[in-house]
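Asks: sharing a model that was predicted from the sequence below.
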Amino acid sequence: MPHEPEDTDPKTWHRYFAMECNNRGWQLAAQSRTPEEDLEMLNAAHAAALHWATMGAELNDMRAKTLLAEVHALLGYGASALKYANEVKSYFLARETEDWELAYTHVIHSHAAAAAGESQLHRESYAAAVTAVDAIGDDEDRKIVLQTFQQVPPPS
């Protein structure tokens, strides 16, 4: 966790809250939740996106949208989950992307497609996710991505 800032620069505080909310959102996304925690997860994801948009770079914005896509998929908000996931996928597939982040992109896109009821897209993204996860070089990175992937329903 980041240390609480000691200065009064608003950008420093935006970064601090963006990281705190992002970490809390992913933590909640990875566990069983109560309805109250579902709301906290949703609020944390949107707060992280707000703070990153205020001061972050485009990469931060896309990572925040990755969390938004996952949270919306988990909560069954298929249309908005897929909107975020499509934007994230377009961004990360158009540039040099680390293996773990590419895998996350496909995993999240698959989850969003499933939540949106897009069966064919879900199958395609799920297959791409399996391939991308298998290609992750670092075992710890793969373990982290698999924690999210296990929440994605397999295609029928």
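Replies: It's in.
Asks: please point out which parts of the helix or strand where V130 lies sit buried.
Replies: If you go by DSSP states H and E, V130 is part of helix 119-134. Neighbour-count burial for helix 119-134, with 16 or more other Cβ atoms under 10 Å as criterion, is recorded at L121, H122, R123, E124, S125, Y126, A128, A129, V130, A132, V133. Glycine gets a C-beta too; all of them are placed from N, C-alpha and C.
Asks: for this structure, which residues score under the pLDDT cut-off?
Replies: Within the chain, the stretches with pLDDT under 70 are 1-2.
Asks: please enumerate the helices of it.
Replies: All helices of the chain, identified by DSSP state H, fall at 10-29, 35-55, 58-74, 78-93, 99-115, 119-134, 139-149.
Asks: tabulate those (a markdown table), appending distance to P155.
Replies: Compiled in a markdown table, the helices of the chain are given as follows (distance: least, Cβ to Cβ, whole Å):
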| stretch | distance to P155 |
| --- | --- |
| helix 10-29 | 21 |
| helix 35-55 | 25 |
| helix 58-74 | 14 |
| helix 78-93 | 15 |
| helix 99-115 | 8 |
| helix 119-134 | 4 |
| helix 139-149 | 13 |
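Asks: most packed of the ones you listed?
Replies: Across the helices of the chain, averaging neighbours per residue (mean count of other Cβ atoms under 10 Å) puts helix 99-115 on top, at a mean of 25.
Asks: got the angle for that helix vs helix 78-93?
Replies: In terms of direction (axes from the mean of the first three to the mean of the last three Cα atoms, to 10 degrees), helix 99-115 departs from helix 78-93 by 160 degrees.
Asks: which strands or helices does helix 99-115 pack on?
Replies: With contacts taken as 3 or more Cβ pairs under 8 Å, 6 or more residues apart in numbering; DSSP states H and E, helix 99-115 sits against helix 58-74, helix 78-93, helix 119-134, helix 139-149.
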